[in-house]
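J.: Give me a model of this one.
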Amino acid sequence: MRELAGADPRMVVDFGCGLGALLRRIASAAPQARCLGVDIDAELLESARKTTADTGLDDRVSFVEGDASGWEGPAPDLAVCIGASHAWGSTDAALSALAGLVEPGGWVLFADGFWERPPTDAELASMWEGTSADDWHDLAGLTDSAIAAGLRPMRVEAVERSEWDDFESGFLADMESWLVEHPGDPRADEIRARADAHRGYWLRGHRGLLGFAYLTLRRPVMSREIHGTPSPHAVPLG
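T.: Numbering: from 1, shown residues only. Model (predicted):
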């Protein structure tokens, strides 16, 4: 976060921002930045707006409902995409789109899943319906995909298993707490089934198999030398 804030971003767009927690952290660390969150979930965005107003950041942090893959808003010098590559259909497509959206010289904070090792057919069958070995790269392949999209990796970090467990437990805790407090609610059976299915995907499926990585990336500055006019900022190599 300090590295990204130190890059002096002026326009930050978080694609798939959810409740906007990360966007608010960036705004707090980079007081010069205007921050915009994009998500298709109107209910989450309403909560994000309320929390942002309560923290006094709503003069610089705003939210818009929309599909990231159709983004036609301002070009960011910091683009954020945490676990939202599916908005473009695949990891490769997301990285390619983000590389084209961010300003030359700008930054991309990208996080996505990766295979810790090749999955077996039995393991795939224990995960979400339709999961295939082609859904994610391994960590080296994920980094290669970013490079192929035209971005350069400044930092590659994978979360520890304890962090992954903490995330999954926290995700399920909201549903479990609700079920404990509302066992007779008409919605209880549906929510219980959803929680139990998700726990199965995690504990019987992807735990120890699917990792999660954060890539800090930069788009190279476009030199006018490419078009025959040397850039005054170009650095000679060799």
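J.: what about this structure, any weak spots by pLDDT?
T.: Scanning the chain with the threshold set as pLDDT under 70 gives 1-2, 5-6, 223-238.
J.: what ranges do the helices span in it?
T.: 2-6, 21-29, 42-54, 91-101, 121-125, 139-148, 161-181, 188-200 (DSSP state H).
J.: Tell me which of those lies nearest to residue 69.
T.: helix 91-101 (6.9 Å; Cβ to Cβ). The way it works is simple: take the backbone N, C-alpha and C, and place the C-beta from them, glycine included.
J.: could you say what helices and strands the closest one packs with?
T.: The contact analysis (3 or more Cβ pairs under 8 Å, 6 or more residues apart in numbering; DSSP states H and E) places helix 91-101 against strand 78-82, strand 107-115, helix 139-148.
J.: and the helices of the chain, which is most packed in?
T.: helix 91-101 (a mean of 21; mean count of other Cβ atoms under 10 Å).
J.: on that earlier part again, distance to residue 80 added to the helices of the chain, as a markdown table?
T.: Listed next are the helices of the chain as a markdown table, based on distance: least, Cβ to Cβ, whole Å:
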| stretch | distance to residue 80 |
| --- | --- |
| helix 2-6 | 9 |
| helix 21-29 | 7 |
| helix 42-54 | 14 |
| helix 91-101 | 9 |
| helix 121-125 | 30 |
| helix 139-148 | 14 |
| helix 161-181 | 17 |
| helix 188-200 | 25 |
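J.: Ramachandran coordinates for residue 129?
T.: Here is the backbone geometry of residue 129 (degrees, to the nearest 10): phi -60, psi 130.
J.: Equivalent analysis for residue 83, please.
T.: Backbone torsions for residue 83, taken as degrees, to the nearest 10, come to phi 70, psi 30.
J.: Please give me every residue in contact with it.
T.: Listed by Cβ atoms under 8 Å, 6 or more residues apart in numbering, the contact set of residue 83 reads 16, 111, 112, 113, 212.
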